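J.: Sequence and predicted model, in that order:
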Amino acid sequence: MESFQHLMNGFLVALSLQNLLFATIGCILGTLIGVLPGLGPAAGTALLILITFKLEPTSAIIMLAAIYYGAMYGGTITSVLINVPGEAASVVTCLDGYEMAKQGRAGPALGIAAIGSFIGGTVATFGLVLVALPLARFALRFGPPEYFALLCVGLSLVMALAGKSLAKALVMGIVGLIFSLVGVDPIEGAPRFTFGITPLLDGIRFVPVVMGFFGIGEILLNAEKSLAGVMAGGGKVTSFLPRREEWPICATSILRGTGLGVFLGMIPGTNSAVASFMSYAIEKRLSRHPEKFGTGAIEGVAAPETANNAYANAALIPLFTLGLPGSPTIAILMGALIMNGLTPGPLLFTQHATFVWAVIASLYIGNVILLILNLPLVGWWAKLLKIPYQVLVVIILVFCIIGAYSLNNSVFDVGMMILCGILGYFCKKLDFPLAPAILTLILGPLLERSLRESLSLSQGDYRIFITRPISLVFLIITAIILITSVRQALPSAVREESKEAQV
Amino acid sequence: MTRVNLIVWGVVLAFGAFVVYESLELSYYGTDFGPGPGFFSFWLGVLVIGLSVIELARTLRGPREPLPAAFIPGRDGALRILYILAALVASLFLMAPLGFSLCMLGLCVLLLRALARLSWWATVPIALASSFGLFYLFRQLQVFLPTGILGI
C-alpha cells in the first residue's frame, strides 16, 4: 500500500504540464531514433543526453526514459515496413512483421506491436512498483562488501552474455574498468594514468566514450558499405487492428511475452534482443501451426514486441533498487542519473523519493503517450525513411560533436570521442563486444570504492567477503555464473578430447 | 584471420603490460588499512596479460582461419571512412579558432558533397541548418557552443 501512496504522489509530479511535455518530446525523439537504422537506443540516448543538460533532474530523467522506451518501439516500424530493424531487439520482428506488410497487413502488425508494447510496458512498471520498495529495503542492509559482491554478480552476468568469445568480453570489461581508473584516485587523491594531461585528471567521462563507441564507431562501420539505398521504401498503412479471430492468439502471446520480458528485465546482463528472440522461440514451439511462423504470423510480432517493451521497463528495477544497470542503455541512464547528482541504489528511495516515484509514474504515462502517438503517426514515421542515410550521417556527426563538447565545454572530450570511435570501429570489426566496456566504465568507480572500503574495514583481510552471509551468497552466484560461462566457452574440441581421455 | 588474431592479442598483451608497468609506479598498499591506488589497476593488468597469453596460445595451436570476406573495406569504403575521420579531426583542431558554426559548416559541406554527393542547392541549406541553425537552437537551450576569433 505504501508503494501505491508514493506512486500517487509520483503521478502528481509526472502529470505536471512541464513533465508531460518532456515525456512526449522524449517519446517522439526516441521513436525517431528507433526508426533510423544505424542508431540504436544506446547511441540515441547518449546523443540526446545533451538536450537534458539544462533541465532539472526529474524532467531530465523522465525525458531520457521516454527516449529509451520510445526507441524500443521505433525499431519496430522499420522492421515491419522495410525489413530493416532499427535495433537488435527488432530483428526478430522482421521475420513475420515484414511478411505481414508484404501481404498488405502492415497496419495490424504495427497495431498489435503498439498494443503489446503498451501492455508489456505497463505490467512491467506495475512490477517495478510492487518490487521496488521491498528490494530497496533489503539492499539497505548492504555494506561495502555486499555491494562489491553484488557488483561482481552483475558484471559476471554481463560477461556471460556478452558475445561469441568470453575472453574478448572479459578483456573489454577490464578495459572499461581501466578507463574508469583514469583520473584522481578517490581515496588517496593520487593521479592515475593521466600522463601529465590536465583534462584527464577529471577522468574519462562516459558520454564521449559511448558516443564514440556506438555513434562514431557505427557510422565508420556503415561507411564501409555503400550508404545509398539503406533507407528506401515505406509502405502504406491503413487499418491497425488485427482480425477478430486473431485476438485470442494475440492475447496469449502478449501474456507470455509480458511474463518473459519482465523476468529477463530483472536479471542484469540480459538484453532486449534476448527477450524478443526467446519470446519468438517460445511462441513458435507452443504454436499449433509453427509452420506459419516466418510467413506473416501475427503472434510472431505480438510476442517479441511485448517482451521487448516489458523488458525495457522491467530493466529499471535492478537500476533503481540495486544500482545495477542491466544493459548499455540502462548504463547510460545510470550515468545520466549520476550526472544529475543522483546515485542509483536503495538510498534513492529514501533520499530522493519524489524523484524516483515521479519517474516510475512517468513510465505509465509514457506508455500511454507511445500508444496514442504511434498508431496515428506511423505514416509520418514511414516518410522519415525517405531521408537519405548519407545526409543523416552528417547530422548525427554534428550531434555527436555537440554532445561531447557541451558535456563540459571541452574540445578534449571531442577528441576522446573520436578516439573511442576509432577504437569502437575496430572492436566491432574484430567482434570485441562494446557493452561490457560501457558497463564497467560506469560501475568501475563503485566497484573499486566498495572493494577498497571493504578491505579498509577488515584492515586488509580478504575474508570479509566470505564471512558475511549476503556477500558470500553473491560471490557463490558469481562463481557459478563464471564457471558455467567458461564451460560453455570452451571449444567443443577440447571437451571432446577430455571425454575421450575419461573413457 | 589467424595473423589478425595474433596481432590483436599481441596488442592486448602489450596494453596489459603497460597497465602493470604504470601501476607499479603507483602505491600498491596505500595506507595502513586497505590497498592503494595501484592495487586495482595492477591486478586488472595482470588479468589482461593472462587472457591475452591464453588467447595467443589458442590461436597458435588452432587451425589457420582465413580472413572473412569483406573484412578489409574496399577502396570506396576506405575513402568514405577517411573522409569522415579527416572531417572529424579537422573540426577538432579548428573548433577553437573558427568557432562551432564555421567549423560545422565546413564539415557538413565536405561530407554532404563527398559522401552524399548532394547538389549545392541541397548542400547549402542542410549545412547552414546543421551549423548556424543548431548553434542558435542550442543557445536557446542554454547550451553554449564555442565562438571563434570572428565572434560567430
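T.: That came in fine, so what should we check first? Numbering: from 1, shown residues only, chains lettered A, B, ... in the order given.

J.: what about the residue in the stretch 401-503 of chain A positioned nearest to chain B, neighbour count?
T.: Residue of the stretch 401-503 of chain A nearest chain B, by Cβ to the nearest Cβ: residue A:456 (3.6 Å). For glycine as for every other residue, the C-beta is placed from the backbone atoms N, C-alpha and C. The number of residues packed around residue A:456, counting by other Cβ atoms under 10 Å in any protein chain shown, is 18.

J.: do residue B:139 as well
T.: Counted with other Cβ under 10 Å, residue B:139 comes out at 11.

J.: can you check residue B:119 too?
T.: By other Cβ under 10 Å, the burial measure for residue B:119, its neighbour count, is 10.

J.: Contacts only, for it.
T.: By Cβ atoms under 8 Å, 6 or more residues apart in numbering or on different chains, no residues touch residue B:119.

J.: Please report phi then psi for residue A:191.
T.: Main-chain dihedrals, residue A:191, degrees, to the nearest 10: phi -70, psi 140.

J.: which ones are touching it?
T.: Contacts of residue A:191 by Cβ under 8 Å, 6+ apart are A:183, A:184, A:185, A:201.

J.: Can you say which of those are buried?
T.: A:183, A:184, A:185 (16 or more other Cβ atoms under 10 Å in any protein chain shown).

J.: What's the separation between the first one and residue B:5?
T.: Pointing back at residue A:183 there. 32 Å (Cβ to Cβ, to the nearest Å).

J.: now do the second one
T.: Counting by Cβ to Cβ, the separation of residue A:184 from residue B:5 is 37 Å.

J.: Repeat that for the last one.
T.: When distances are taken as Cβ to Cβ, residue A:185 and residue B:5 turn out to be 35 Å apart.

J.: My guess is residue B:109 contacts residue B:123. True?
T.: Yes: here residue B:109 reaches residue B:123: they are 5.9 Å apart, a contact under Cβ atoms under 8 Å.

J.: What residues does the stretch 251-400 of chain A have near chain B?
T.: Remark: the part of the stretch 251-400 of chain A in contact with chain B comprises A:388, A:390, A:391, A:393, A:394, A:395, A:397, A:398, using Cβ under 8 Å from any Cβ of the partner chain.

J.: Let's check: the centremost residue of the chain is which one?
T.: By default, I'm working from chain A. Taking Cα atoms, centre = their mean as the criterion, residue A:329 is the residue nearest the geometric centre of chain A, at 3.3 Å.

J.: Correction: the question concerned chain B.
T.: Closest-to-mean residue, chain B, Cα atoms, centre = their mean: residue B:85 / 9.2 Å.

J.: and the helix or strand where that one lies, what other elements does it pack with?
T.: Taking DSSP states H and E as the criterion, residue B:85 maps to helix B:75-98. The contact analysis (3 or more Cβ pairs under 8 Å, 6 or more residues apart in numbering or on different chains; DSSP states H and E) places helix B:75-98 against helix A:217-224, helix A:389-406, helix A:411-429, helix B:100-114.

J.: want to throw those into JSON lines with mean neighbour count and distance to residue A:166?
T.: Listed next are the helices and strands packed on helix B:75-98 as JSON lines, based on neighbours: other Cβ atoms under 10 Å in any protein chain shown; distance: least, Cβ to Cβ, whole Å:
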{"stretch": "helix A:217-224", "mean neighbour count": "22", "distance to residue A:166": "22"}
{"stretch": "helix A:389-406", "mean neighbour count": "24", "distance to residue A:166": "31"}
{"stretch": "helix A:411-429", "mean neighbour count": "21", "distance to residue A:166": "16"}
{"stretch": "helix B:100-114", "mean neighbour count": "22", "distance to residue A:166": "39"}
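
J.: circling back to that earlier point, am I right that the residue of the stretch 401-503 of chain A closest to chain B falls within a helix?
T.: Yes: under DSSP: H, G, I helix; E, B strand; the rest coil, residue A:456 falls within a helix.

J.: for chain B, which spans come out with low pLDDT?
T.: Where chain B drops to pLDDT under 70, the residues are B:30-34.

J.: Smallest distance to chain B belongs to which residue of the stretch 301-450 of chain A?
T.: Closest point on the stretch 301-450 of chain A to chain B, by Cβ to the nearest Cβ, is residue A:390, at 3.5 Å.

J.: Please tell me I have it right and that residue contacts residue B:116.
T.: Yes: contact criterion Cβ under 8 Å: residue A:390 and residue B:116 qualify, at 3.5 Å.

J.: now what about stretch A:286-305, what contacts it?
T.: A:73, A:76, A:80, A:89, A:92-93, A:95-97, A:99-100, A:102-103, A:105, A:108-109, A:112-113, A:115-117, A:120, A:242, A:246, A:249-250, A:252-254, A:256-257, A:275-277, A:279-280, A:282-284.
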